[in-house]
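K.L.:
mind looking at a prediction? Sequence and model below.
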Amino acid sequence: MSHRIHWWTDVHRSATTNLRLGCVLAGVAGATNAGGFLAVGQYTSHMSGILSSVADNLILGQMQLALVGVALVAAFIGGSMTTAWMVNWALRRNMRSAFARPLVVEAGLLLVFGIFGTAIDHFSTLFVPVTVLLLCYIMGLQNAVITKVSHAEIRTTHVTGLLTDLGIELGKLFYLNGSTFPKKVVANRGKLRIHAKLVGSFFGGALLGAFGFKHAGYIATVPLALLLLLLTGGPIADDLRHGRLASGLPDAPERVAPPQESP
């Protein structure tokens, strides 16, 4: 049975809506990452670098810094775990807002970050470490959403992987096929467009986030939160209308439709 897709965060999916949501979330991740760096001096989506710093600090005997890195990685993993719990719980109860719910949590945390940003400046010793953990948690939460939505085909914070895939397809695109070889090297232009759009969205979001934080401060995260709430409003309202917001039939058939369209 086919279902009409009404919202980008609907449980009924297509390749097109996956890419659209992925680009928006990549932009939000870029803005949060860049703005967060200006706020607390730490990029919070770069788990490769953070994990490497843990190893470096262990060898250098900087145990306190190593433990900080471990805590940041744990916060990122915790965000991903939260998404898995929320999505699977909602899917088992046949809720249309399964993928929207973690984004509502992310929006709420961004609002906290934006509205109470002044306190971070006044009590930096106390709040900056907590803020860094919060931003890592948000990054894990969001990346897990699009990972589950797209069946691991799209990431929004793992730009290293996106650039690697982009480079592979560009290498195929500009490969000079000799006439003596019957099998040609051909780039997957669909993948090329997807990776280019995601990288461009992340970078564009980072520019806007850095600009917004420089000129408006912590309040620049409020529009990001409102954008996420706008994306999630439809499925949440649908579950409210049908009395499924916090209950439902347990173990109901999963309602996620496989992608039908090509981007």
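P.N.:
All right, it came through fine. Numbering: from 1, shown residues only.
K.L.:
check what pLDDT residue 166 gets.
P.N.:
For residue 166, the model assigns a pLDDT of 92.
K.L.:
check which helix or strand covers it.
P.N.:
helix 159-173 (DSSP states H and E).
K.L.:
from the chain's centroid, how far away is that helix?
P.N.:
Computed by Cα atoms, centre = their mean, to the nearest Å, the chain-centroid distance of helix 159-173 equals 19 Å.
K.L.:
equivalent analysis for stretch 135-147, please.
P.N.:
Taking Cα atoms, centre = their mean, one finds the center of stretch 135-147 at 5 Å from the center of the full chain.
K.L.:
same check on stretch 223-237?
P.N.:
Centre-to-centre, stretch 223-237 and its host chain are 15 Å apart (Cα atoms, centre = their mean).
K.L.:
show me which residues of that stretch are buried.
P.N.:
Buried residues in stretch 223-237, counted by 16 or more other Cβ atoms under 10 Å: 223, 224, 225, 227, 228, 229, 231, 232, 234, 235, 236. Any C-beta I mention is one placed from the backbone N, CA and C, and that applies to glycine too.
K.L.:
specify which member of those residues is nearest to residue 142.
P.N.:
Closest approach to residue 142 among the buried residues of stretch 223-237 (Cβ to Cβ): residue 228, at 8.8 Å.
K.L.:
which residues does the closest residue to the closest one other than its chain neighbours contact?
P.N.:
Excluding the flanking residues, the one nearest residue 228 by Cβ to Cβ, 6 or more residues apart in numbering is residue 107, at 3.9 Å. The contact partners of residue 107, by Cβ atoms under 8 Å, 6 or more residues apart in numbering, come to 224, 225, 226, 228, 229, 232.
K.L.:
which helix or strand contains residue 107?
P.N.:
Here residue 107 sits within helix 100-115, counting by DSSP H and E.
K.L.:
Three-state assignment for the spatially closest residue to residue 213 that is not a sequence neighbour, please.
P.N.:
Computed as Cβ to Cβ, 6+ apart, the closest residue to residue 213 that is not its neighbour in sequence is residue 35, at 4.0 Å. For residue 35, the assignment made with DSSP: H, G, I helix; E, B strand; the rest coil gives helix.
K.L.:
same for the helix or strand that residue 232 is a member of, what does it pack against?
P.N.:
Taking DSSP H and E as the criterion, residue 232 maps to helix 221-241. Contacts defined by 3 or more Cβ pairs under 8 Å, 6 or more residues apart in numbering; DSSP states H and E place helix 221-241 against helix 15-40, helix 100-115.
K.L.:
got a markdown table for those helices, with mean pLDDT and distance to residue 208 too?
P.N.:
Converted to a markdown table, the helices and strands packed on helix 221-241 look like this (pLDDT from 0 to 100; distance: least, Cβ to Cβ, whole Å):
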| stretch | mean pLDDT | distance to residue 208 |
| --- | --- | --- |
| helix 15-40 | 88 | 5 |
| helix 100-115 | 91 | 14 |
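K.L.:
packing partners for the helix or strand just after the helix holding residue 166?
P.N.:
Going down the chain from helix 159-173, the next helix or strand is helix 189-216, by DSSP H and E. Packing contacts for helix 189-216, counted by 3+ Cβ pairs under 8 Å, 6+ apart, involve helix 15-40, helix 159-173.
K.L.:
closest one to residue 99 among those helices?
P.N.:
The nearest among the helices and strands packed on helix 189-216, by Cβ to Cβ, is helix 15-40 at 8.3 Å.
K.L.:
what's downstream of the closest one, the next helix or strand?
P.N.:
Using DSSP H and E, the next helix or strand after helix 15-40 towards the C-terminus is helix 47-60.
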